[in-house]
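S.K.: Model the following, please.
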Amino acid sequence: MTKVMKPSEIKREWVVLDAEGKCFGRLLTQAAIILRGKNKAYYTPNVDCGDYVIIINASKATFTGANKAEDKLYHRHSGYFGSTKSEKFGDLLSKNPTKLYKLALRGMLPKTTLGKAMLKKLKVYAGSEHPHTAQIARKG
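M.R.: I've put the predicted structure just below:
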């Protein structure tokens, strides 16, 4: 019989992923699996059983496609007429890599309140420094 986990029984850990030299999409699929908890033996689909994920060196990831920085656009809309704003992929990567990673990862998670709770456990930093060393040291 399969054991169904309760939220109080889940033990969370902190996982650090270094994006330097890694492919953007493959790194994010790995992060999505960890955030959902699919890498654990007690994965339960209706419970948030994933770990915290810290991505460092976010601006140093590699991307496929020669013209992706200029051609790919991210759109946002407030709901009012004529309020559509577009931003190029390259500009978003240089200005705010955290937003780029969260936008891409949001599409890989469930589109429910459970998915929003999973996305809150993602921490992205452009450089190699992060303020979560205490949590990682406590784990080991």
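
S.K.: Can you check the pLDDT for Ala137?
M.R.: Model confidence at Ala137, given as pLDDT, is 64.

S.K.: low-scoring pLDDT stretches of this structure, where are they?
M.R.: Counting by pLDDT under 70, the ranges of the chain that qualify are 1, 137-140.

S.K.: 80 instead, please
M.R.: For the chain, applying pLDDT under 80 flags the ranges 1-2, 135-140.

S.K.: give me the number of residues near Lys60?
M.R.: By the criterion of other Cβ atoms under 10 Å, Lys60 has 15 neighbours. (C-beta placed from N, C-alpha, C; glycine too.)

S.K.: ok, now which ones touch it?
M.R.: Lys60 makes contacts with 19-21, as judged by Cβ atoms under 8 Å, 6 or more residues apart in numbering.

S.K.: Now that we have those, which of them are buried?
M.R.: Buried members of those, counted by 16 or more other Cβ atoms under 10 Å: Ala19.

S.K.: For Leu35, state which of the contacts of Lys60 is nearest.
M.R.: Of all the contacts of Lys60, Leu35 sits closest to Ala19, with 15.3 Å by Cβ to Cβ.

S.K.: Check whether that closest one really touches Ala58, as I assumed.
M.R.: Yes. Counting by Cβ atoms under 8 Å, Ala19 does reach Ala58; the two are 5.3 Å apart.

S.K.: contact partners of stretch 71-87?
M.R.: Contacts to stretch 71-87, defined as Cβ under 8 Å, 6+ apart, come from residues 65, 88-89, 92, 100, 103.

S.K.: would you put the C-alpha positions of it in PDB?
M.R.: Only the C-alpha atoms of stretch 71-87 are listed here, as PDB (Å, rounded to 0.1, in the frame of the first residue of the first chain):
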ATOM      1  CA  ASP A  71      13.700  37.700 -31.100                       C
ATOM      2  CA  LYS A  72      12.000  36.200 -28.000                       C
ATOM      3  CA  LEU A  73       9.500  38.600 -26.300                       C
ATOM      4  CA  TYR A  74       7.800  38.400 -22.900                       C
ATOM      5  CA  HIS A  75       4.400  40.100 -22.700                       C
ATOM      6  CA  ARG A  76       2.400  41.400 -19.800                       C
ATOM      7  CA  HIS A  77      -1.000  43.000 -19.700                       C
ATOM      8  CA  SER A  78      -2.900  44.900 -16.900                       C
ATOM      9  CA  GLY A  79      -6.300  44.300 -18.300                       C
ATOM     10  CA  TYR A  80      -6.900  47.800 -19.600                       C
ATOM     11  CA  PHE A  81      -7.100  48.600 -23.300                       C
ATOM     12  CA  GLY A  82      -3.700  49.300 -24.900                       C
ATOM     13  CA  SER A  83      -1.700  48.300 -21.800                       C
ATOM     14  CA  THR A  84       0.200  45.500 -23.300                       C
ATOM     15  CA  LYS A  85       3.900  45.800 -22.600                       C
ATOM     16  CA  SER A  86       6.600  43.700 -24.200                       C
ATOM     17  CA  GLU A  87      10.200  43.100 -23.100                       C
END
